[in-house]
Each structure stands twice: as structure tokens, then as C-alpha cells.
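> no FASTA, just this:
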């Protein structure tokens with residue numbers, strides 16, 4: 001795909017995320033505040049379900065006798081079901097059913113949360129995790145489609161707001177568990193998150209949604225054909241690289257700080273503080289991606305991330321690693337949404353949900369693979385080689401993604417005035 005110069009693409013619908021085949025627009029465009037509250041709040045509650053699970057696994061072990069291997073399967077199976085759901089169900093949102101996919105996805109996600117809440121053995125908890133992942137995988141891309149199409153000239157800042165909501169929700173999960181599990185038991189945080197999700201659904205129903213008209217709905221059920229658009233294929237690869245970095249970072253953080261004898265409070269505080277710049281800088285980073293260029297910004301952030309990961313392997317103390325991680329967090333906060341913004345700018349409106357589903361599937365797959373590979377390399381060869389392996393993977397795969405997206409290297413879009 002060869003993109004026209006930027007000044008030509010602003011109204012052409014080619015390479016801007018717009019389409020000349022739009023359905024009828026809603027009578028009133030939702031404000032940024034409405035988008036943040038309704039859809040950002042919904043994303044936050046779904047992410048909080050993940051955060052709750054990650055902090056409650058020790059209780060599953062002590063209360064229900066579920067062993068470490070089974071706990072690993074519980075966590076991993078949700079990412080796998082989300083991967084499948086984003087590929088299979090997200091494209092329905094492009095066929096005139098965006099709001100329905102969001103509502104159905106949230107309801108399925110809530111059903112999974114309740115199964116995890118009231119299950120007291122492996123099978124119902126595992127089933128709940130699968131169902132929860134299916135719901136989130138369907139709803140997430142549909143939410144991003146609605147947000148992109150509602151205000152395409154400000155898609156960067158709006159996608160950045162969704163990122164902030166995701167990070168906030170995930171960070172709130174452990175806090176919810178810490179407050180509720182002691183006095184009210186294991187089911188309580190899952191129930192609270194489920195109820196919060198259900199409370200937000202009526203607000204979603206009131207937000208105007210631009211659905212694809214019948215005559216313009218894509219005939220293809222799945223979105224694999226979008227990969228023929230090389231800039232989009234590049235954005236999909238670059239989005240996955242961001243999660244190579246996340247998978248490697250998460251897999252090694254606790255292990256490395258244990259190895260180096262870092263104070264426990266520093267190791268725990270690092271994860272929380274790392275999330276703060278992503279929350280506060282998400283909208284600004286999205287705007288920067290839109291106006292500076294999503295592929296340029298993604299390149300800067302990912303190559304910088306490779307350097308940070310290599311630094312973690314070379315620094316001699318946990319305190320220095322903690323300090324470097326705070327700089328890394330600021331870099332990620334400004335750049336991590338760039339690939340998603342790029343995808344939104346090169347795909348027409350009537351394929352946005354399928355496109356965002358492909359990005360999410362790429363992220364889930366690469367994060368899972370990298371986490372497994374990194375753990376094996378660390379156990380076999382140590383910290384420096386493990387971090388160097390992640391760093392090298394980032395450089396190689398980023399270079400491939402940028403080569404795919406080379407026709408869109410200069411793509412950018414001014415903010416609306």
C-alpha cells in the first residue's frame with residue numbers, strides 16, 4: 001500500500017483511518033469526557049479483573065489447595081482465550097454490531113468473574129478464567145473502534161485515554177483485593193468488579209455510536225486480509241513488540257530483585273510506580289503519536305526500550321535497576337500507544353474493530369511467548385543473557401515492523417481545532 005502525502009490524505013479516507021463508506025453518523029458526537037467515563041471506565045473495570053486475579057492466586061493455593069502449575073494454567077489460559085476471541089469475535093463490531101459486541105462481551109466477562117469468585121476448585125475457576133478472557137477479548141477491540149470513529153481527528157488522545165484507564169484498572173485490582181479479601185473473603189473483589197462493570201453498561205448505551213451501514217459492512221468475517229495492508233501489518237508487529245518488552249520485564253522483575261537482594265518494598269513499589277507515567281502520560285502520548293507520526297514515535301520508544309532492558313541486565317544493584325525503570329516508564333508512557341494510533345490511521349472506519357482485534361491478538365501472543373522464553377533463558381544462562389535476549393528480540397522484530405510500515409513512515413494527522 002502506498003500512502004498519499006499527508007496533505008492529500010486528510011480528506012481522502014486513504015491511510016487516515018477514515019472511509020468514504022461510512023454509515024450514517026450519530027446525531028451528536030460524544031465528548032472526550034463522555035468517552036473517558038463510559039468506555040474508559042468499562043475498560044478499567046475489565047482490567048481490574050485481571051489485576052484482582054494476579055494478586056489472589058496465593059489465596060487459591062492456601063484456601064483451595066490449587067498448586068503452582070495449575071495457577072500458571074489459570075493465568076495463561078485467559079490470555080489464550082482472549083487471543084482467540086479478538087480474532088473471532090472482534091470483527092462483528094465492524095458489521096453493525098459494535099455496541100452489541102461491547103455489551104455482550106462485558107456480560108460474558110462478568111459471568112467469568114462470578115465463576116472465579118464462587119468456584120472453590122480448579123475446574124470452575126479455570127472455566128471462569130476462560131469465559132472472562134473471551135468477554136474481554138471481544139469487548140476491548142469494539143470499544144476502541146467506537147472511540148476511534150467517534151472522533152477520528154483526535155484518535156491519538158482518545159486511545160491514550162483508554163490506555164490510561166486500562167493501566168488504572170489493572171493497578172486498582174491489587175488494592176481492591178488487599179482491602180476486601182481479608183474481611184469479606186475471596187469472592188468479594190470479583191463481585192465488586194463485576195458490579196462496577198454492570199453499573200457502567202447503561203452509560204455505554206447512551207453514548208452515540210456510528211455503526212457501519214448494511215451496504216458497507218465487510219463481507220469477510222475475520223480480519224486476516226487486513227495484513228495485506230503493509231503499514232497495518234507493520235503496526236500489528238510493532239504493537240506486539242511492545243508486549244515482548246512487557247512480557248520480558250514482568251517475567252524477570254521479581255526474580256532479578258530476589259537474586260540481587262533488593263528490599264522487598266522497592267521491588268513491589270517499582271511495579272506500581274511504573275504504571276503511573278502510563279496513566280498520566282497516555283493521552284499526551286497518543287496526541288504526540290498522531291501529530292509527530294505513530295511509526296516514528298513507535299520506533300523511538302521501542303529502540304529505547306531495548307536499551308533499557310539491556311541496562312537491567314548490566315546494572316549491579318536493584319536500586320539502580322529501579323531508578324532506570326522509572327525513566328523507562330516515562331518513555332513507555334509517551335510512546336506505548338503509538339502502534340495502536342498508527343493502525344487507526346491506516347485502516348478505514350468499517351474495519352477498525354477487526355484491526356484492533358488483530359493488534360490485541362499480536363500483543364497477547366508475543367507477550368506469552370516472550371515470558372516463557374525469558375524464564376527459560378534466565379534459569380539456564382542468568383540475568384544478563386536473559387535481558388540481552390529480550391533486547392535483541394525487540395530490535396530485530398521492531399526493524400521488521402518498521403520495514404513493513406515504511407510507506408507510512410511520514411504519516412501524521414493534525415489535531416482538530
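Structure received. Small disclaimer: the values here were computed from a predicted structure and weren't measured. Numbers count the residues shown, from 1 in each chain.

> tell me, what residue is most central in this structure?
residue 360 (6.4 Å; Cα atoms, centre = their mean).

> I'd like the distance between it and residue 185.
33 Å (Cβ to Cβ, to the nearest Å). Backbone N, C-alpha and C define where each C-beta goes, glycine included.

> sorry, back to before: skipping adjacent residues, who's closest to the residue nearest to the centre of the chain in space?
residue 86 (4.4 Å; Cβ to Cβ, 6 or more residues apart in numbering).

> Am I right that that neighbour is in contact with residue 142?
No - using Cβ atoms under 8 Å, residue 86 makes no contact with residue 142, being 10.0 Å away.

> Can you mark which positions in stretch 275-295 are buried?
By 16 or more other Cβ atoms under 10 Å, the buried positions in stretch 275-295 come out as 275-279, 281-290, 293-295.

> Quick one: mean pLDDT over it.
For stretch 275-295, mean pLDDT is 89.

> quick one: low-confidence parts of the chain?
Counting by pLDDT under 70, the chain shows low-confidence ranges at 1-33, 35-36, 54-55, 58, 68, 72, 208-221, 268, 416-417.

> ok, now which ones touch residue 37?
By Cβ atoms under 8 Å, 6 or more residues apart in numbering, the contact set of residue 37 is residue 203.

> Could you measure from it over to residue 411?
Counting by Cβ to Cβ - residue 37 and residue 411 are separated by 30 Å.

> Ok, residue 246 next?
Counting by Cβ to Cβ - residue 246 and residue 411 are separated by 25 Å.

> of the two, who's got more company?
residue 411 (24 against 18; other Cβ atoms under 10 Å).

> Phi first, then psi, for the more buried one.
phi -60, psi 130 (degrees, to the nearest 10).

> That one and residue 343 touch, don't they?
No - the pair residue 411 / residue 343 is not scored as a contact, 11.2 Å apart, by Cβ under 8 Å.

> Break this protein down into its structural domains.
Domain ranges of the chain: 31-216, 224-408, per automatic domain parsing.

> what residues does stretch 254-274 touch?
Residues contacting stretch 254-274 (Cβ under 8 Å, 6+ apart): 171, 253, 312, 317-319, 321-322, 325-326, 328-329, 375, 378, 383.

> what's the spatially closest residue to residue 304 that is not a sequence neighbour in contact with, if anything?
Computed as Cβ to Cβ, 6+ apart, the closest residue to residue 304 that is not its neighbour in sequence is residue 331, at 5.1 Å. Applying Cβ under 8 Å, 6+ apart, we find residue 331 in contact with 301, 304-305, 308.

> Tell me the buried residues within these.
Buried among these (16+ other Cβ under 10 Å): 301, 304-305, 308.

> What ranges does the stretch 251-400 of the chain have for its helices?
Ranges of helices within the stretch 251-400 of the chain are 264-292, 294-314, 318-335, 338-346, 352-381, 383-404, based on DSSP state H, counting those that start in this stretch.

> Using neighbour counts, pick out the buried residues of stretch 106-114.
Those would be 106, 108-114, for stretch 106-114 by 16+ other Cβ under 10 Å.

> In strands, which of those residues appear?
Judged by DSSP state E, those include no members of strands.

> Put together JSON lines for those residues, with distance to residue 126 on each row.
Shown next, in JSON lines, are those (distance: Cβ to Cβ, whole Å):
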{"residue": "106", "distance to residue 126": "21"}
{"residue": "108", "distance to residue 126": "16"}
{"residue": "109", "distance to residue 126": "16"}
{"residue": "110", "distance to residue 126": "17"}
{"residue": "111", "distance to residue 126": "14"}
{"residue": "112", "distance to residue 126": "10"}
{"residue": "113", "distance to residue 126": "14"}
{"residue": "114", "distance to residue 126": "14"}
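
> ok, those residues vs residue 43, which is closest?
residue 106 (10.2 Å; Cβ to Cβ).

> before we move on, back to that, quick check: the two most widely separated of the buried residues of stretch 106-114?
So, the buried residues of stretch 106-114 by Cβ to Cβ: farthest apart are 106 and 114, at 12.7 Å.

> Okay, residue 384 and residue 314: tell me how far apart.
7 Å.

> Summarise which helices and strands the helix or strand hosting residue 169 is packed against.
Using DSSP states H and E, residue 169 sits in helix 155-184. On a contact count with 3 or more Cβ pairs under 8 Å, 6 or more residues apart in numbering; DSSP states H and E, helix 155-184 meets helix 32-35, helix 41-64, helix 122-150, helix 187-206, helix 264-292, helix 338-346.

> would you turn these into a markdown table with distance to residue 80?
Listed next are those as a markdown table, based on distance: least, Cβ to Cβ, whole Å:
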| stretch | distance to residue 80 |
| --- | --- |
| helix 32-35 | 30 |
| helix 41-64 | 14 |
| helix 122-150 | 7 |
| helix 187-206 | 20 |
| helix 264-292 | 23 |
| helix 338-346 | 21 |
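
> So which of these is the most surrounded?
Among the helices and strands packed on helix 155-184, helix 338-346 has the highest mean neighbour count (mean count of other Cβ atoms under 10 Å), at a mean of 31.

> hmm, who's touching it?
So helix 338-346 is contacted by 1, 3, 15-17, 144, 148, 152, 155-156, 159, 163, 229, 231-232, 234-236, 238-239, 241-242, 285-286, 289-290, 294-295, 297-298, 301, 352, 355-356, 359, 405, 408, 411, 413 (Cβ under 8 Å, 6+ apart).
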